[in-house]
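J.: With the input below, show me the fold.
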Amino acid sequence: MKLVCDLQNNRVVIYENDKKVLELAFFYDEFTYTFYTNSIICINKELDRVLYKSLVEIMDNRYYFSHKYSYQKDDLIVWLSDVYCNLEDEFEKETINRLIMRRKDNNIYLSAINPFCENNNINKGIKVVSFSPAGNGFFSKNLETGLTFQDDIINAFQKTLYKEKVARKIK
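T.: So this is what the prediction gives:
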């Protein structure tokens, strides 16, 4: 696997065998993880030290999520994509993509699932998981810092894209 920081297009792309498997970028006002594979993507120090370190920090934090479809336990975080949906409608919530982050053996594993597609054996080629910044999505809270889960995910992207040089000193 290879990670490319594309400053010109403001995105981070992960390739496997020259095929794009994951893209991290803003799409208008939403930050997105776009999965181009159904395979699990392994993030480790060898792929990119900054992204790995940032995701480990996220896994080390404790989060509060406002509904039961996003949750954290032990070395697992499941995130229901920030899209409009009626969470009381069983069918509707099952059609929303979820990010799965799992830590195991000094690796972070990323994947996306869509319960409706999985239950009906539908192979969805691309899965997009979105994160609304500045408190515009589902309520979440990092219990240690007070930031949101969405902001932590976006900060990890920014650190990776700019190799931790997010703040620049102006003389």
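J.: Of all residues in this protein, which one is nearest the centre?
T.: Y33 (5.4 Å; Cα atoms, centre = their mean).
J.: in this protein, which spans are strands?
T.: Assignment of strands within the chain using DSSP state E yields the ranges 2-6, 11-16, 19-27, 30-35, 41-43, 63-65, 71-73, 76-80, 98-104, 107-113, 127-131, 140-142.
J.: how about those in TSV, adding distance to Y52 and mean pLDDT?
T.: Where you see a C-beta, it was placed from the backbone N, CA and C, and this is true even at glycine. Below are those laid out as TSV (distance: least, Cβ to Cβ, whole Å; pLDDT from 0 to 100):
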stretch	distance to Y52	mean pLDDT
strand 2-6	10	94
strand 11-16	12	95
strand 19-27	14	96
strand 30-35	16	96
strand 41-43	5	97
strand 63-65	19	96
strand 71-73	19	96
strand 76-80	15	97
strand 98-104	10	97
strand 107-113	7	97
strand 127-131	19	96
strand 140-142	19	94
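J.: Reformat those as JSON lines; add distance to F149.
T.: Formatted as JSON lines, the entries for the strands of the chain read as follows, by distance: least, Cβ to Cβ, whole Å:
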{"stretch": "strand 2-6", "distance to F149": "22"}
{"stretch": "strand 11-16", "distance to F149": "18"}
{"stretch": "strand 19-27", "distance to F149": "15"}
{"stretch": "strand 30-35", "distance to F149": "11"}
{"stretch": "strand 41-43", "distance to F149": "17"}
{"stretch": "strand 63-65", "distance to F149": "5"}
{"stretch": "strand 71-73", "distance to F149": "9"}
{"stretch": "strand 76-80", "distance to F149": "7"}
{"stretch": "strand 98-104", "distance to F149": "10"}
{"stretch": "strand 107-113", "distance to F149": "15"}
{"stretch": "strand 127-131", "distance to F149": "8"}
{"stretch": "strand 140-142", "distance to F149": "4"}
